[in-house]
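Colleague: sharing a model that was predicted from the sequence below.
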Amino acid sequence: HAGSDLAALRSRAEPAGDGTYRITGQKIFITYGEHDLTDNIIHLVLARLPDAPQGTRGISLFLVPKVLPDGARNDVRCHSIEHKLGIHASPTCTMIFGDEGGAVGWLVGEENRGLACMFTMMNNARLAVGLQGVAIAERAYQQALGYAGERRQGRAIGAVEGMSAIVQHPDVQRNLLTMKALTAASRAICYMTAEAIDRAHLEQDAAGRRRAHERASLLTPVAKAFSTDVGMEVASLGVQVHGGMGFIEETGAAQHYRDARIAPIYEGTNGIQAIDLVTRKLPLSGGETVRAQIAAMRATVTRLMKEGTPAFGATAPRLRDAVESLDRATSHLLQSVSSNDAGEALAGATPYLRLFALAQGGAALAEAALAANALAKGGDGDPAHGGRIALCRFFAENITVGAKGLEDTVLSGAGFLQDATLALAS
């Protein structure tokens, strides 16, 4: 199976002479590849024509229905349904095409241009998967918060008698705040990505659409990878807040964890997202796209530095440090990519994506906090305003502080690869 290495694809497409093609091959891990919820299922299949070039340049995209327009069943079947860690309500299928001579398919786009067509869909799918991570994180947080308010154990600081709700204990509060802050940051990055995608279609001038398209391209791998990592991390913390009951299926906390685990894998693993970010997206417009994004983060820091409200605590200096770490790591990787130092770029890709997300997520929460503070100063008494400031402060003082370590990892480069074989063999 080719998996993510599409150059190894072996599915074949033969022209039938009537404008259709006969598809033979196999696809694995196909979500809802077979079901009885609809009368028909449309498969998008990548395959090679007989005279196709080698590698990814020789891949074409085909539309293959389960049921043909005349009502006949196409030559496609579900071979098996996987037994999975999570998402048990979703049938994940192995599909066989061409047992009886070839499934009828129609070419989508141009011959040998299948990847260009596929990635039009894939980029939107990656944002959607990122939002799945956000959704699971939000559900896990809400459930953990509700449980922590009901479960009584121990006596909280300052309590005079009886057992306290565990939500009053500092360590539980830290877990819950981490869950909420990570969820909010990942949601903000996804929304920023969606806005950039919209602007790429709706800006009035071509230059504005191009800038928005490049910004969306830059943010998409971050939205997908960070948000799905967050979904998994937050769901794990949700199990922890439940304690022993989180390990029991009846509470539902374990299901969130099991279901969240697939999201960092599909629609391009998070490692692939990080490689895409570093090798393809950072160099956009000679690095100007990422520089503009960092400049916007710096503008947020400048506004924070001028904000004298005590409730912000050390938000401004902590976020400033994170953005500067991002800037230095970006320069390092742009240099690595431009000098074709593949090992250096690939080794630092995953920690760089996390660093980018911490800085961008912190800046997004800071923008929300600054807006909330302005409303509060104007007389708006909504208590949610104070909550947004407090959440922003927690993220800056407890989560973005990891940026420096990530920067150091990126800058230290690929040295660890020299001994990787030795270390893994022992």
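Modeller: Good, I have the coordinates. All values reported here derive from a predicted model rather than from experimental measurement.

Colleague: low pLDDT regions in this protein?
Modeller: For the chain, the stretches with pLDDT under 70 are 1-8.

Colleague: find the residue at the geometric middle of it.
Modeller: Lys224 (1.6 Å; CA atoms, centre = their mean).

Colleague: what about the nearest residue to Gly287 once chain neighbours are set aside, how many neighbours?
Modeller: With sequence-adjacent residues excluded and distances taken as CB to CB, 6 or more residues apart in numbering, Gly287 is closest to Leu334, at 5.1 Å. Backbone N, C-alpha and C define where each C-beta goes, glycine included. Neighbour count for Leu334, taken as other CB atoms under 10 Å: 18.

Colleague: so what does Val108 look like in phi/psi?
Modeller: Here is the backbone geometry of Val108 (degrees, to the nearest 10): phi -110, psi 120.

Colleague: can I assume it is in contact with Thr120?
Modeller: No: using CB atoms under 8 Å, Val108 makes no contact with Thr120, being 10.1 Å away.

Colleague: neighbour count for the two, which is higher?
Modeller: Val108 (17 against 12).

Colleague: list the residues that contact the more buried one.
Modeller: The contact partners of Val108, by CB atoms under 8 Å, 6 or more residues apart in numbering, come to Leu44, Leu61, Phe62, Leu63, Gly114, Cys117.

Colleague: in contact with the closest residue to it other than its chain neighbours, which residues?
Modeller: In this structure, Val108 finds its nearest non-sequential neighbour in Leu61, 4.3 Å apart by CB to CB, 6+ apart. Leu61 sits next to Leu44, Val45, Leu46, Leu107, Val108, Gly109, Arg113, Gly114, Leu115, Cys117, Met118 when contact means CB under 8 Å, 6+ apart.

Colleague: also Gln360?
Modeller: By CB under 8 Å, 6+ apart, the residues touching Gln360 are Ile189, Met192, Leu219, Val222, Gln293, Met297.

Colleague: repeat the analysis, applying 10 Å as the threshold.
Modeller: Residues near Gln360 by CB atoms under 10 Å, 6 or more residues apart in numbering: 185, 188-189, 192, 218-219, 222-223, 226, 293-294, 296-297, 300, 322-323, 326.

Colleague: among these, which lie within helices?
Modeller: Using DSSP state H, the members of the contacts of Gln360 that fall in helices are 185, 188-189, 192, 218-219, 222-223, 226, 293-294, 296-297, 300, 322-323, 326.

Colleague: just the buried residues out of these, in PyMOL syntax.
Modeller: In PyMOL, this line selects whichever of the ones in helices among the contacts of Gln360 come out buried by 16 or more other CB atoms under 10 Å:
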select buried, resi 185+188+189+192+218+219+222+223+226+293+294+297+300+322+323+326
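
Colleague: and for His242, the neighbour number?
Modeller: 22.

Colleague: number of residues surrounding the closest residue to it other than its chain neighbours?
Modeller: Leaving out its chain neighbours, the residue that sits closest to His242 by CB to CB, 6+ apart is Ala253, at 4.7 Å. Using other CB under 10 Å, the number of residues around Ala253 comes to 25.

Colleague: and what of the one 10 residues further on?
Modeller: Close neighbours of Ala263, defined as other CB under 10 Å, add up to 27.

Colleague: and it, which of the three is it?
Modeller: On the three-state scheme (DSSP: H, G, I helix; E, B strand; the rest coil), Ala263 is labelled coil.

Colleague: what residues of the strand of greatest length in the chain count as buried?
Modeller: Ranked by number of residues, the top strand in the chain under DSSP state E is strand 21-31. The neighbour-count check on strand 21-31 (16+ other CB under 10 Å) flags Tyr21, Arg22, Ile23, Thr24, Gly25, Lys27, Phe29, Ile30 as buried.

Colleague: got these as JSON lines, with distance to Ile197 columns?
Modeller: Output for the buried residues of strand 21-31, formatted as JSON lines (distance: CB to CB, whole Å):
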{"residue": "Tyr21", "distance to Ile197": "32"}
{"residue": "Arg22", "distance to Ile197": "36"}
{"residue": "Ile23", "distance to Ile197": "31"}
{"residue": "Thr24", "distance to Ile197": "36"}
{"residue": "Gly25", "distance to Ile197": "32"}
{"residue": "Lys27", "distance to Ile197": "27"}
{"residue": "Phe29", "distance to Ile197": "26"}
{"residue": "Ile30", "distance to Ile197": "26"}
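
Colleague: all helices for the stretch 51-200 of the chain, in order.
Modeller: Along the stretch 51-200 of the chain, counting by DSSP state H, counting those that start in this stretch, helices occupy 114-150, 170-202.

Colleague: can you pull the buried residues of stretch 143-163?
Modeller: In stretch 143-163, counting by 16+ other CB under 10 Å, buried: Gln143, Ala144, Leu145, Tyr147, Ala148, Arg151, Ala156.

Colleague: hang on, the earlier thing: go ahead and confirm the residue nearest to His242 touches Val234.
Modeller: No: Ala253 is beyond contact range of Val234, at 11.1 Å (criterion: CB atoms under 10 Å).

Colleague: anything in contact with each of these two?
Modeller: Taking CB under 10 Å, 6+ apart as the contact rule, Ala253 and Val234 both touch Ala140, Ala144.

Colleague: picking up where we left off before, now do the contacts for the residue nearest to His242.
Modeller: If a contact means CB under 10 Å, 6+ apart, then Ala253 has 140, 143-144, 147, 235-243, 245-247 as its contacts.

Colleague: good, we can wrap up now.
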